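>>> Quick one, fold the following:
(2 chains)
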Amino acid sequence: MLTWIAILILAALSGLAFLMGRRKALASAGGSPAKMHSLPGYYGTYVALWVGVPAALLLFVSIMFGGRLEHGLLIANQPPVLHQLSAEQKELFFQDAQAQAEGRQASEVIYAPDVKAALDAKANEARSYANAFRQGTFALMGVLVLAGFLWTFPRLNKDFRARNRVEGWVDGLLMACSIVAVVTTLGIILSLVWESLRFFSSVSPAEFLLGTHWSPQIGMRDDQVGSSGGFGALPLFAGTFLVMMIAMCVAGPVGLFSAIYLSEYAGPKARAVFKPLLEILAGVPTVVYGFFAALTVGPIFRQGFNSLGGLFLGGPLNELGLYLGQVQNQMALVAGVVMGIMLIPFVSSLSDDIINSVPQALRDGSYAMGATKSETVKKVVLPAALPGIAGAFLLAISRAIGETMIVTMAAGLQAKLTLNPLETVTTVTVQIVTLLTGDQEFDSPKTLAAFGLGLTLFAVTLVLNIVALRIVQKYREQYD
Amino acid sequence: MTPNGSSFSRSVMPMNRDDSASHEASTASGEQTAPAAVSGPSVKIRARDINVFYGEKQALFDVAIDIPEKSVTSFIGPSGCGKSTFLRCMNRMNDTIPICRVTGAIEMDGEDVNDRSIDPVVLRARVGMVFQKPNPFPKSIYENVAYGPRIHGLATGKDELDAIVESSLRRAGLWDEVSDRLLQPGTGLSGGQQQRLVIARAIAVGPEVILMDEPCSALDPIATAKIEELIDELREQFCIVIVTHSMAQAARVSQRTAFFHMGRLVESGATDEIFTNPRDSRTQDYITGRFG
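Modelled structure (predicted):
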């Protein structure tokens, strides 16, 4: 509540500063904006920014980190009764103390009377910390407001370059936004690397990258069945690769040929129909593709293979017939084909852009030699566009190996080292999902394995993207 | 506008109308829409009543002209006057523009090129074209020249193809410069070399006519001089039509000149006469630099 009042007061002070700054600057020019360096509003804005922004930033920081500071102060001296509690219980105790101090809902733990008394004492302590902290914050905000005003207001006159100064603030804002993006990315990478290092301290990288046994369960008890755990991720990489290859076999030709049709053969009317339709396909959420794969394509494929197997039964290919007869709904082929369909618009629109950027002069040159349209496409346009199309394919591959929903629903969970598209396989992304969903403790190699997989996936897609973007860029330069 | 000092510059320059006394009087009648009579070599291309429309807009009006065999005919005129459009009618390159419509008759050796029985693909093998900006394919020098012979099946074996490539490059005056790097990309050559490569590519399919659409406008004076020299040599074997913005170039390389203005063929005739003794005041204004 007090915080909200502080925000209101701060806003009002900024508004007042705006009016005062504007008025003083106008007065110094004798009321004529034409004689001033900047429009009157800029002078007001300049003062208002210095009055409002530093204090607002301070308030934001104190709200963000105040709780943490209090927590640190609280646990600094622990009442003796806490010695009977375990580490987790202590953690909960202090959380409850802070919650009680702030009037929030505490946990439903019933504490013993002596502990309860200690809790109340700690809650009072927390309350006093919070009060002191808040008062300190407000006082400091007041100082900042005053300082900002004194820093700017006396300097205002008609020749003051308020416009440039205000634009400096805009510069700063834009830079701050880009820094947020960069810092966030760095933070994600660092946490990924950090957790992966923890994982690799218990499982060697060689075993992880080259081992063929994947069974990340760690037993609750030491004598539990299957508690050994196996962290050889090779079957996952193989599964990912298999699904990706199947997807590219679908998306590559279909996407490329549709791009050729759209850019070289389709008239304006056909283009006006097909282009938006492809874009709709690109907008379908992957989870929809996922249940399309699991509920529609999977059963159709299974029935197809089962009845195909029936044809071989009793013949010389009896074994094959038996095998096809027991094919399941979930298989690499289904996930790959549906993922390929998902990637068609991606490949198609990228290739379309690239084919369109092949200069018309090359086509004219070919036509003028007496080449037909198909000869021109085959021998001039496609070779010219090839590097760019290769880049587009690499981008599609990096999307295919990062894709999660379709494989989660349609590929299966069994980590098998196979290249048979009719087997169920599992991929890196599927395993990350299964490792991290549900109740987890975050210290076991089981959950940390997810970070190892994530780091591997990140490294591969990063390299693919860099290579692909460089190829596409070089290709663009060639024709600029 | 001034001669660039090359040895083949003709004495007739657009600005020196005063020495017109040294030339014979006009032989053609004053009728502008009828083509001026072609003396000497026989007529290769005969165009009558050519109208071209881009959608609703008419780009050419009743163009009629005779273009002689084995000589260079230049089209001059201000930008947008329709000279390139007319050039592209002759090998039906305008077919590749969906909104473009051509009426009238263009006869090549007495055959109407717009006739249904004429396949534009075959026509374009007979009528080669060189564009304003050099447009070598992103292939090797060899493959650029071999492109036409390959798609038209002109060579039965590797040796024959090699021979065609070599002779085409020789005739384009490029062989000595590239013979040791035939397998390097054609796009790596200099602008002037690229343009000669493109000419070699056009020659390789054995055309009868070569159309050149401002072939030197993207080149420096020295490269331009080489191309002009080449055009002068090629004239002995081909019927060449060149669109140019440079009147000096038209005067240097062509035997006949046609002046286009606002989509109409204003005047055509022997180059000497057009530049020394134009019949139409618009031609005179243009070649003396009063507009355009």
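>>> Residue A:428 and chain B, how far apart?
Residue A:428 sits 38 Å away from chain B, going by C-beta to the nearest C-beta, to the nearest Å. Quick note: C-beta positions are derived from backbone N, CA and C, even for glycine.
>>> Would you mind listing the residues in contact with whichever residue of the stretch 1-150 of chain A sits closest to chain B?
Closest approach between the stretch 1-150 of chain A and chain B, counting by C-beta to the nearest C-beta: residue A:39, at 45.2 Å. Going by C-beta atoms under 8 Å, 6 or more residues apart in numbering or on different chains, residue A:39 touches A:33, A:163.
>>> Kindly report the same for residue B:141.
Taking C-beta under 8 Å, 6+ apart, we find residue B:141 in contact with B:169, B:178, B:181, B:182, B:183, B:184, B:185, B:186, B:189, B:197.
>>> quick one: the first one is in a strand?
No: under the criterion used here (DSSP: H, G, I helix; E, B strand; the rest coil), residue B:169 is helix, not part of a strand.
>>> That one: neighbour count?
27 (other C-beta atoms under 10 Å in any protein chain shown).
>>> In the helix or strand harbouring residue B:231, which residues are buried?
Using DSSP states H and E, residue B:231 sits in helix B:221-234. Residues of helix B:221-234 classed as buried by neighbour count (16 or more other C-beta atoms under 10 Å in any protein chain shown): B:223, B:224, B:225, B:226, B:227, B:228, B:229, B:230, B:231, B:234.
>>> swap in stretch B:122-139?
B:123-139.
>>> same deal with stretch A:139-150?
Neighbour counts over stretch A:139-150 (16+ other C-beta under 10 Å) mark A:141, A:144, A:145, A:148, A:149 as buried.
>>> got the CA positions of it in CSV?
C-alpha atoms of stretch A:139-150 as CSV (Å, rounded to 0.1, in the frame of the first residue of the first chain):
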residue,chain,number,x,y,z
ALA,A,139,14.3,8.4,2.2
LEU,A,140,16.8,7.6,-0.5
MET,A,141,14.1,8.2,-3.2
GLY,A,142,13.4,11.6,-1.7
VAL,A,143,17.1,12.4,-1.9
LEU,A,144,17.2,11.3,-5.6
VAL,A,145,14.2,13.3,-6.5
LEU,A,146,15.7,16.4,-5.0
ALA,A,147,19.1,15.8,-6.5
GLY,A,148,17.6,15.2,-9.9
PHE,A,149,15.7,18.5,-9.6
LEU,A,150,18.7,20.5,-8.4
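>>> Quick check: residues of chain B near chain A?
With C-beta under 8 Å from any C-beta of the partner chain as the criterion, chain B meets chain A at residues B:91, B:93, B:96, B:98, B:121-126, B:128-129, B:131, B:133, B:135-139, B:147-148, B:151-152, B:187, B:198, B:201-202, B:205.
>>> try 6 Å
With the criterion set to C-beta under 6 Å from any C-beta of the partner chain, chain B comes near chain A through B:96, B:121, B:124, B:125, B:129, B:133, B:135, B:137, B:138, B:148, B:151.
>>> all strands of the chain, in order?
Answering for chain A, as no chain was given. Along chain A, the segments classed as strands by DSSP state E run A:214-215, A:230-231.
>>> Please refer instead to chain B.
Taking DSSP E as the criterion, chain B carries its strands at B:43-54, B:57-68, B:72-76, B:100-108, B:111-112, B:127-130, B:209-213, B:239-243, B:256-261, B:264-270.
>>> Present the ones you listed as JSON lines; the columns should include mean pLDDT.
Shown next, in JSON lines, are those (pLDDT from 0 to 100):
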{"stretch": "strand B:43-54", "mean pLDDT": "90"}
{"stretch": "strand B:57-68", "mean pLDDT": "91"}
{"stretch": "strand B:72-76", "mean pLDDT": "93"}
{"stretch": "strand B:100-108", "mean pLDDT": "89"}
{"stretch": "strand B:111-112", "mean pLDDT": "86"}
{"stretch": "strand B:127-130", "mean pLDDT": "92"}
{"stretch": "strand B:209-213", "mean pLDDT": "92"}
{"stretch": "strand B:239-243", "mean pLDDT": "93"}
{"stretch": "strand B:256-261", "mean pLDDT": "92"}
{"stretch": "strand B:264-270", "mean pLDDT": "90"}
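>>> Let's have the buried residues of stretch A:139-150 in CSV, adding distance to chain B and pLDDT.
Below are the buried residues of stretch A:139-150 laid out as CSV (distance: C-beta to the nearest C-beta, whole Å; pLDDT from 0 to 100):
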residue, distance to chain B, pLDDT
A:141, 64, 93
A:144, 62, 93
A:145, 64, 93
A:148, 60, 92
A:149, 63, 92
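>>> So which of these are in helices?
Members of the buried residues of stretch A:139-150 lying in helices (criterion: DSSP state H): A:141, A:144, A:145, A:148, A:149.
>>> I'd like those residues laid out as CSV, including distance to residue A:33.
Output for those, formatted as CSV (distance: C-beta to C-beta, whole Å):
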residue, distance to residue A:33
A:141, 33
A:144, 30
A:145, 28
A:148, 25
A:149, 23
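>>> related to what we said a few turns ago, quick check: which of the strands of chain A is nearest to chain B?
Nearest to chain B among the strands of chain A is strand A:214-215; the distance by C-beta to the nearest C-beta comes to 46.2 Å.
>>> how many neighbours does residue A:421 have?
When neighbours are counted by other C-beta under 10 Å, residue A:421 registers 18.
>>> Show the contacting residues for it.
Going by C-beta atoms under 6 Å, 6 or more residues apart in numbering or on different chains, residue A:421 touches A:246, A:332, A:333.
>>> I'd guessed residue B:60 sits against residue B:52; true?
Yes: checked against C-beta atoms under 6 Å, the pair residue B:60 and residue B:52 is within contact range at 4.0 Å.
>>> what does chain A put close to chain B?
Residues of chain A lying near chain B by C-beta under 6 Å from any C-beta: A:361, A:362, A:365, A:367, A:368, A:369, A:370, A:371, A:372, A:375, A:380, A:384.
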